[in-house]
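# No letters, just coordinates:
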């Protein structure tokens, strides 16, 4: 929790989390005001203020002489269903929606023109570290391109960062990129050729779908649950039916649903990769947003160098840093060569600044601070979604920056996009996460930003916009 | 000239330039000591010191009672010959040499471990501008990706920069990239598909040859002179014989020879492009290094949007900035989409820093300052090459960072590479600039760095290394 939060907000968030995680189930009584005062060391007025706020949101209800009771249905029973049908490989034809959303800098915000809030201490420290690296430039350093693999000091810090979550990777096994999307591009270029078939999660990351389209690769969508991720049985069926070259998977908090793939599924995935001689491209970008422990990467289980791990700090630190990395396994040399011919090198001083920021512990402090905030934001989002009319389902990710929302079948989020836009809101419709027109009644909603008044108000306008009849 | 140069150095450089440009031809008498004193406002001692230094280099000789005479053959008669044979289109198979040179950060330096000299004022100003942009970041700016086309303020500055040399381009027609190599990659991806044939200059830029190889494009090499560039008659013959999709050309100071393509050749090139429905990819990266006037780009003559201009400030300002741009003509939208899917966006604060640096006139000041220095460095290099034994030919570029050296037929620069390496020197052998094994007796030598004692000494070791029998 941030230091600037009032005590009633802290209690409110704690209660919200308990409801979200079903510590108190629907219809159950919350602890009494007296018990909350004692447990939390708070005044009666503070406790009452927090409870009244939750009551105003419709999450709890006061019953005279009995106390406060959980009033909204818990969401867990309403996890979005895995909708993806298996269809034959086909060329990707994703709409111009992606370009439009990115032109508006709106990938993770309903209100991209807002740019509100304060720069967190981590960003201030990062910018200072880059500034110091700039001032340290000496002589004719600017006359030299960096080595294609990137700055060794940064690769050493990334190797240490990986070791802390139980993944042993040498600096020499890493190549620095211009962000995770660039890493995914290099990985796909390295292990696939035009026309090859790639298996992806469905719903899954639109950036990958667009990349496959531009690289003229074929795609087959594998049903993916917002709880446990890629459906391994479905993948097995797909592999038996078609000649698949690679599988792009995001085992930790995959967008849009935020699923965490269980160990058994990971082991089966690697066994299938071995059996069908598959390249596995692991998108690890959300791992560092974990609300509790950062999960091991799939790559840590990889004994045959066939997992290519791609990542960056765009989701956990800054989207504007534009530095990522790739551990290419058996494709490392090819990736290095591709990085070189497609952009020669990365900025040395940016890398040095990031390395310093990691070395002095600022990254670790930033991630610790952020974890609690993200969980609180997720809880508030889920709680407010419960107040929406009609039958809705919502994922409960343990990391990441968004939830996946399943609305009634009649809803068409794609037609709602221009309507929302006319009101200054940018939504992320479900069909963006698929190539086959599925998920029209679904929506990804981000909690990357704080729920300040204007953003909460914007969120509050969505039900009327999306569910006009209800 | 830099302010730190002594007056005798200024005079020495001025005389050197006169000899290089054949103001005084071989065997001709230089102005008398008295005339030089009066013309230049210098003391007799200063003039004598400068003349003695040139005499020590063997460039001039003193004849008793007669004065000083030009003693070394002028180079202009020995311009490298256009060697490239026309061969059928073929897959590119360029060696690992490129990767090795780039790993050593040695693209433009004989002694890449040196990193000597001072940061020029332009780099100090650039780093300060980026530092200011970093400190200006506010709120949650770091939470948003920049728009794929890049920062509008930077595109506006680039548009103004273009207008100063007579090229009208709107900010909306530009897309910011991660350097010129990235721009070339996007351009080739946009207008070619696997297997297409691309015409290139020969000798020509190795970065393009490597890119063609990785993109599985076919290449046909067009003979190119180090004075007037691409041989248009040869291109015409090539176009009649094979189905060519695109032509990559560098009309201003093409590496390695530094040719400047005359207006008539440019006009014929565009007419051929029209006739054969060709995409022209213009590598404009060296234009800003022009020793006198920056030439118009080919793109300024383009009336049918079929020229894609690619550039950056890597050769004229900093190789570590990693920002470039592309004016994609009819392929603009496709390039934008490719930029988006292959790396989403560029760093906003880097772009803002560069835009500020351009807006306050620092770039213009830097380029002005640098021009004289580059010409002086070129002159010193050419003068010292004249002292080499045997029949050598060398280009005399009016811009760029390197000369192209043609050594006797028996010389093998490729075998000399590892020998040079064992002595701490990195040379750039001729075969790197071709896919057909030509130019084994050629070498590119850079004058990007000042000729300080150690670098001059390194250059002095090359004749023994390359021409051991002579």
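That came in fine, so what should we check first? Computed from a predicted model, the values in this text were never measured in an experiment. Residues are numbered from 1 along each chain as shown, chains lettered A, B, ... in the order given.

# Quick check: pLDDT value at residue A:36.
Residue A:36 carries a pLDDT value of 94.

# Is it correct that it is in contact with residue A:47?
Yes - using CB atoms under 8 Å, residue A:36 is in contact with residue A:47, at 4.7 Å. C-beta here means a position set from N, CA and C on the backbone, and glycine is covered the same way.

# more crowded one of the two?
Set side by side, residue A:36 and residue A:47 show more neighbours around residue A:47, with 25 against 22, by other CB atoms under 10 Å in any protein chain shown.

# Can you classify the more buried one by secondary structure?
Secondary structure for residue A:47, judged by DSSP: H, G, I helix; E, B strand; the rest coil, is helix.

# sorry, back to before: overlap in contacts of residue A:36 and residue A:47?
The contact sets of residue A:36 and residue A:47 overlap at residue A:11 (CB atoms under 8 Å, 6 or more residues apart in numbering or on different chains).

# beta partners of residue A:428?
Note on residue A:428: beta-bridge partners by DSSP bridges are residue A:444.

# pLDDT below threshold where in the stretch 51-200 of chain A?
Scanning the stretch 51-200 of chain A for pLDDT under 70 picks out A:57-58, A:72-95, A:114-116.

# 80 instead, please
Applying pLDDT under 80 to the stretch 51-200 of chain A picks out residues A:56-59, A:71-97, A:99, A:103-108, A:111-118, A:139-140.

# what about residue A:419, is that helix, strand or coil?
Assigned with three-state DSSP, residue A:419 falls in the helix class.

# where's the nearest residue to it once chain neighbours are set aside relative to chain B, distance?
Spatial nearest neighbour of residue A:419, excluding adjacent residues (CB to CB, 6 or more residues apart in numbering or on different chains): residue A:465 at 6.1 Å. Distance, residue A:465 to chain B, by CB to the nearest CB, to the nearest Å: 23 Å.

# If we look just around chain B, which residues of the stretch 301-450 of chain A are in range?
A:314, A:317-322, A:336-338, A:340-350, A:448-449 (CB under 8 Å from any CB of the partner chain).

# Contacts only, for the residue nearest to residue A:419.
A:416, A:419-420, A:423, A:425.

# quick check, nearest of those residues to chain B?
Of all these, chain B sits closest to residue A:425, with 15.7 Å by CB to the nearest CB.

# Next one: that closest one from residue B:195, what distance?
45 Å (CB to CB, to the nearest Å).

# per-residue pLDDT, residue A:345?
Here, the pLDDT recorded for residue A:345 equals 91.

# Buried residues, stretch A:278-289. List them.
Neighbour-count burial for stretch A:278-289, counted by 16 or more other CB atoms under 10 Å in any protein chain shown, picks out A:278-289.

# is it anywhere near chain B?
No - using CB under 8 Å from any CB, we find that stretch A:278-289 stays clear of chain B, coming within 11.6 Å at best.

# end to end, how far does that stretch reach?
End-to-end distance for stretch A:278-289: 28 Å, by CA to CA, to the nearest Å.

# Ok, stretch A:225-239 next?
19 Å.

# For it, what is the distance to the chain centroid?
Centroid displacement of stretch A:225-239 relative to its chain, using CA atoms, centre = their mean, to the nearest Å, is 19 Å.

# next one: stretch A:444-456
On the basis of CA atoms, centre = their mean, stretch A:444-456 sits 15 Å off its chain's mean C-alpha point.

# now stretch A:223-238
Computed by CA atoms, centre = their mean, the chain-centroid distance of stretch A:223-238 equals 18 Å.

# list the buried ones in it?
Buried, per 16+ other CB under 10 Å, within stretch A:223-238: A:223-232, A:234-236, A:238.

# Check stretch A:291-311 too.
A:291, A:294-300, A:302, A:306-311.

# quick one: which of residue A:425 and residue B:195 has more around it?
Counted by other CB under 10 Å, residue A:425 and residue B:195 do not tie: residue A:425 has more neighbours, with 20 against 13.

# In contact with the more buried one: list those residues for me.
Contacts of residue A:425 (CB under 8 Å, 6+ apart): A:110-111, A:458, A:461-462, A:465.

# For it, what are phi and psi?
Residue A:425 adopts backbone torsions of phi -110, psi 140, taken as degrees, to the nearest 10.

# Now tabulate the buried residues of stretch A:278-289 in TSV and tack on distance to residue A:124 and pLDDT.
Output for the buried residues of stretch A:278-289, formatted as TSV (distance: CB to CB, whole Å; pLDDT from 0 to 100):
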residue	distance to residue A:124	pLDDT
A:278	43	97
A:279	40	98
A:280	37	98
A:281	34	98
A:282	31	98
A:283	29	98
A:284	26	97
A:285	23	97
A:286	24	97
A:287	24	96
A:288	19	96
A:289	20	96
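
# gap between the residue lying farthest from the centre of chain A and residue A:39?
Distance from the C-alpha centroid of chain A, by CA atoms, centre = their mean, peaks at residue A:65 (43.6 Å). Distance, residue A:65 to residue A:39, by CB to CB: 22 Å.

# Where does residue A:69 sit: helix, strand or coil?
Going by three-state DSSP: residue A:69 is strand.

# Name whatever forms a beta bridge with it.
Beta-bridge partners recorded for residue A:69 (DSSP bridges): residue A:29, residue A:61.

# Now do it against residue A:19, distance only.
11 Å.

# ditto for residue A:262
Distance from residue A:262 to residue A:19, counting by CB to CB: 25 Å.

# out of these two, which sits in the busier spot?
A count of neighbours by other CB under 10 Å puts residue A:19 above the other of residue A:262 and residue A:19, at 25 against 14.

# Am I right that the more buried one is in contact with residue A:71?
No - counting by CB under 8 Å, residue A:19 stays clear of residue A:71, with 9.5 Å between them.

# intersection of neighbour lists for these two?
Common contacts of residue A:19 and residue A:71 (CB under 8 Å, 6+ apart): A:59-60.

# if we can go back for a sec, if you look at the residues of the stretch 301-450 of chain A next to chain B, which of them are in helices?
Secondary structure assignment by DSSP state H places A:336-338, A:340-343, A:348-350 of those in helices.

# Would you state the helices of the stretch 51-200 of chain A in chain order?
Ranges of helices within the stretch 51-200 of chain A are A:97-103, A:121-136, A:152-163, A:180-191, based on DSSP state H, counting those that start in this stretch.

# Is the spatially most central residue of chain A within a helix or a strand, and which one?
Geometric centre of chain A, nearest residue: residue A:400, 3.5 Å, by CA atoms, centre = their mean. Per DSSP states H and E: residue A:400 is located in neither a helix nor a strand.

# got a pLDDT number for it?
95.

# residues in contact with it?
Per CB under 8 Å, 6+ apart, neighbours of residue A:400: A:253-255, A:258, A:286, A:289, A:315.

# Report all helices and strands that the longest strand along chain A contacts.
As assigned by DSSP state E, the longest strand anywhere in chain A is strand A:218-225. Counting by 3 or more CB pairs under 8 Å, 6 or more residues apart in numbering or on different chains; DSSP states H and E, the packing neighbours recorded for strand A:218-225 are strand A:90-91, strand A:197-202, helix A:206-214, helix A:232-241.

# Go through these and name the closest to chain B.
Evaluated with CB to the nearest CB, the helices and strands packed on strand A:218-225 place helix A:206-214 nearest to chain B, the distance being 4.4 Å.

# at contact distance from chain B, anything in that closest one?
Yes - counting by CB under 8 Å from any CB, contacts between helix A:206-214 and chain B involve A:207, A:210-211, A:213-214.

# Same question for stretch A:152-168.
No - on the criterion CB under 8 Å from any CB, stretch A:152-168 is out of touch with chain B, staying 11.8 Å away.

# cool, and stretch A:103-115?
Yes - judged by CB under 8 Å from any CB, stretch A:103-115 comes into contact with chain B through A:103-105, A:107-109, A:112, A:115.

# Now do the helices in the stretch 251-400 of chain A.
Taking DSSP H, counting those that start in this stretch as the test, the helices found in the stretch 251-400 of chain A are A:263-275, A:332-343, A:348-359, A:362-386.

# among those helices, which is nearest residue A:173?
Smallest distance to residue A:173 across the helices of the stretch 251-400 of chain A (CB to CB): 6.3 Å, for helix A:332-343.
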